[in-house]
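Dropping the sequence and predicted coords here.
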Amino acid sequence: MTAFWENWRHRAASAQGVVFDYGGVIARAPGAGWRLYDSAEACGLPRARLAEGFARWRRAYDVGEMTCAEMFARVFAEAGVAVSGAQIAALVDEEQRGWQNLVPETLDFMRQLKADGKRLGVLTNMHEEFYRNRYAENAAAFRELLDAEVVSGIERIGKPDRMIFDVAASRMGLPPERLLFLDDNAANVEGARAAGWQSELFRLED
């Protein structure tokens, strides 16, 4: 293991269980060059308006209040840009493929933690449609290592709400103070800490 991962292994030493976010930890988050932005612009939606729409509606999508297609339709309608159903379907596919860049080094790290005797879990803000259609199969090697899985779109609650951390701790079978949560979002890290967890802001190596 590299020094980066050895450092995280050391930081996990005091925990009996380690719980991982998905986007930004198990899978790389799409960057500035995400093709989705170009595809949306080709449909007449400026990049800034897409980013604004995601910021406004992403949480509702993550907790299952709307589908990805409905989220795109809402964003285009608010921008006053006409879009066809076929165009939305293509954007949905592009959006979901953007979150499938799995990180093999994270998988190796999880295997090492498992060998160290840790219980492992995933706690993620993820719509049920992505969970069923993309994550469930594509992340099978990661899921084989898990003792618990908590998905916002299935639970209808999302990070950083206290309730979802309580659900995750219960499924992990450990008290919160014995759990370490790794997430790339500072608000979620603070939410975990408020729920009594150990939690660290995680950034993947470039």
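Ah, there it is.

Could you use CA atoms for every contact and neighbour count after this?
Fine.

gap between the nearest residue to Asp161 once chain neighbours are set aside and Lys114?
Leaving aside its sequence neighbours, Asp161 sits nearest to Gly191 (C-alpha to C-alpha, 6 or more residues apart in numbering; 6.6 Å). Computed as C-alpha to C-alpha, to the nearest Å, the Gly191 to Lys114 distance reads 25 Å.

which one of these two has more residues nearby?
Legend: neighbour count by other C-alpha atoms under 10 Å for Gly191 and Lys114, higher for Gly191 (19 against 16).

which helix of the protein spans the most residues?
Scanning the chain for the helix with the most residues, using DSSP state H, yields helix 47-62.

Check which element follows it along the chain.
Later in the chain than helix 47-62, the nearest helix or strand by DSSP states H and E is helix 68-79.

for Leu102, what are its contacts?
26-28, 139 (C-alpha atoms under 8 Å, 6 or more residues apart in numbering).

Find me the pLDDT at it, would you?
In this prediction, Leu102 carries a pLDDT score of 97.

And the strands in this structure?
In the chain, the strands defined using DSSP state E lie at 17-20, 119-124, 148-151, 179-183, 198-201.

Dump those strands into CSV; add mean pLDDT, distance to Met163 and mean neighbour count as well.
Below are the strands of the chain laid out as CSV (pLDDT from 0 to 100; distance: least, C-alpha to C-alpha, whole Å; neighbours: other C-alpha atoms under 10 Å):
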stretch, mean pLDDT, distance to Met163, mean neighbour count
strand 17-20, 98, 16, 25
strand 119-124, 98, 12, 23
strand 148-151, 98, 11, 21
strand 179-183, 98, 15, 26
strand 198-201, 98, 16, 20
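
Is it possible to get CSV of these that adds distance to Thr106?
Formatted as CSV, the strands of the chain follow (distance: least, C-alpha to C-alpha, whole Å):
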stretch, distance to Thr106
strand 17-20, 10
strand 119-124, 12
strand 148-151, 16
strand 179-183, 11
strand 198-201, 15
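
out of these, which comes closest to Glu41?
Between Glu41 and the strands of the chain, the shortest separation by C-alpha to C-alpha is 28.8 Å, and it involves strand 119-124.

now the closest one: how far from the chain's centre is it?
Centroid separation for strand 119-124 versus its chain: 11 Å, with C-alpha atoms, centre = their mean, to the nearest Å.

Listing partners with orientation, what would you give for that strand?
strand 17-20 (parallel), strand 148-151 (parallel) (DSSP bridges).

can you redo those strands as CSV with distance to Gly173?
Formatted as CSV, the strands paired with strand 119-124 follow (distance: least, C-alpha to C-alpha, whole Å):
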stretch, distance to Gly173
strand 17-20, 9
strand 148-151, 9
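
Ok, which of those comes nearest Ala60?
Using C-alpha to C-alpha, these put strand 148-151 closest to Ala60, at 13.7 Å.

residues in contact with the closest one?
Contacts for strand 148-151 (C-alpha under 8 Å, 6+ apart): 120-128, 131, 158, 164, 167-168, 171-172.
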